[in-house]
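>>> Could you work out the structure for the sequence below:
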Amino acid sequence: PCPCLHDSTFTNNTVDSLLRQETLDLWFKEPGVYNFILSASNICENLQIEEQLTLYEPPTINAPAILQECESTEFCFSDLGIQVLGDYNSVSWSFVNGSLSSSSDLDFGCIEFNSSGLMRLEVDAVDPCIDIAQEIEVIIQEDFEATILPVNNPYCQSSSSDTLLADPPGGTWSGEGIIDEENGVFDPSTVDPGTYQILYEISNGPCSSSDMIEIVVVQSEEVTVQDTFLCSTSSPIQLTVSPFGGTFSGNGITDAGSGLFDPALADAGENNISYTYIDANGCEIQKEIDVVVDTIPNLEVNDTIFACLNPDDVELNDLIDFDSNGEPGDLFFSGPGIVDDNLGLFNSSGLSMGFYTIQLIFEGRSCQAQDSFVLELAEKPELELPEDMTVCITDGTFNLSPLVGSGGLWSSSNCTIDPQTGNVDLAANGGAD
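Just a heads-up that it's a prediction; the model follows:
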């Protein structure tokens, strides 16, 4: 028989007070021929029984589950590595869509498949072992040809990246200038002028195909532009580019050929102007020009300030409350008594009491604004105070009065004094200089 694999066991029972071995289950680790002898004896006689057991190895098949090839293919048994192990009587092959329909030999030789099909191997096992079978799927993939679609030769070095196309899609790209292997993106700015071979490869199951093209990169002319700024009230200007001869576009452009820019027609702040130039190689180069239109600053200043006749210079910046509302720039002064227009120094020498108009000019980055204020010039009042003195703290309140002059304010860092009347509370101050 062809026994199953399990542990060896013994079953015992007792009959007439005698121990008997009723069954014997054995585990066989190797196939082969085994001899068994059963011996029995008692007072009557001796008995011996001999039995022979042949143990077979169940058959197994080692074979690939799938065979894949491209186009019409011949399969030979010697190349497939198929094995049938164990004990068996015979084998048989059956084929679907092959050049053979069947074979009773394990080594069927060679068989050709022009389309997908099936190979089935059946093994007749030695009785009582179980027959087995295995199927091998044969996949014949239709071949194809990869083709790169035409490209826009020549490419300019200054051109933007281009996505190359191929049929069928889904392959990989390689070559200098390819910056995305999956999507076939070619960037001419990453290579020097010259000719470059680009390879496209694609696989579909067992089939694969490739195509190659040449891409020509030519040098683009260097184009330079100059950003600029101007005031909203400025006259139209011609934008600076090199070489000249391209076209301009954007807010404020009144002449696309000459690049004439009118700030009155543009937006306040940044204006993006495009300059497009086509060189001798037919390369289109586009540059961006940033033109900033400044607005006139809104100035705020006192209407009137006061100054005394004085031979010394006075800094008017310290007297006026000037505000340009955040606009950077330089402030200039002009008018009677101005001795330094940038620093705003004023000197009253040669002037008499009266009212004088001082002009202000604020020059921003590109815009200029003007304003004015009135300077009232008067005589410096005379003031004479009494000599230093000592008073008694018990005097209560002491009043300070100027000998010459009136209408001023009193102050002290040593004692508390009424700024209007000049009264000092001696007791409250507790004695001071």
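
>>> tell me the contacts of Thr224?
When contacts are counted by Cβ atoms under 8 Å, 6 or more residues apart in numbering, Thr224 is found next to 241-242, 287. Where you see a C-beta, it was placed from the backbone N, CA and C, and this is true even at glycine.

>>> quick one, helices of this protein?
77-80, 426-429 (DSSP state H).

>>> weakest of the ones you listed in terms of mean pLDDT?
Among these, helix 426-429 carries the lowest mean pLDDT, at a mean of 78.

>>> bridging residues for Asn62?
Legend: beta-bridge partners of Asn62 under DSSP bridges are Gln83.

>>> ok so, going back, looking at the contacts of Thr224, which are in strands?
241-242, 287 (DSSP state E).

>>> Out of those residues, grab the one that's most surrounded.
Val241 (19 neighbours; other Cβ atoms under 10 Å).

>>> didn't it look like it was pressed against Val225?
Yes. At 4.9 Å, Val241 counts as touching Val225 under the criterion of Cβ atoms under 8 Å.

>>> Spit out the residues that contact those two alike.
By Cβ under 8 Å, 6+ apart, the residues touching both Val241 and Val225 are 275, 287, 289.

>>> Just give me the neighbour total for the first one.
I take that to be Tyr275. 22.

>>> Same question for the last one.
Other residues within reach of Ile289 by the criterion other Cβ under 10 Å amount to 21.

>>> got a list of what the residue lying closest to it once chain neighbours are set aside touches?
Nearest residue to Ile289, sequence neighbours excluded (Cβ to Cβ, 6 or more residues apart in numbering): Ile273, at 4.2 Å. By Cβ under 8 Å, 6+ apart, the contact set of Ile273 is 239, 248-253, 261, 288-291.

>>> ok, Ile273 to Asp227 distance?
9 Å (Cβ to Cβ, to the nearest Å).

>>> Turn the helices of the chain into CSV, including distance to Leu38.
Formatted as CSV, these follow (distance: least, Cβ to Cβ, whole Å):
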stretch, distance to Leu38
helix 77-80, 48
helix 426-429, 139
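
>>> Output the ones you listed as JSON lines; include the columns mean neighbour count and distance to Asn89.
Compiled in JSON lines, those are given as follows (neighbours: other Cβ atoms under 10 Å; distance: least, Cβ to Cβ, whole Å):
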{"stretch": "helix 77-80", "mean neighbour count": "12", "distance to Asn89": "20"}
{"stretch": "helix 426-429", "mean neighbour count": "13", "distance to Asn89": "135"}
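
>>> Quick check: Asp267 touching Asn251?
Yes. Counting by Cβ under 8 Å, Asp267 touches Asn251, with 5.6 Å between them.
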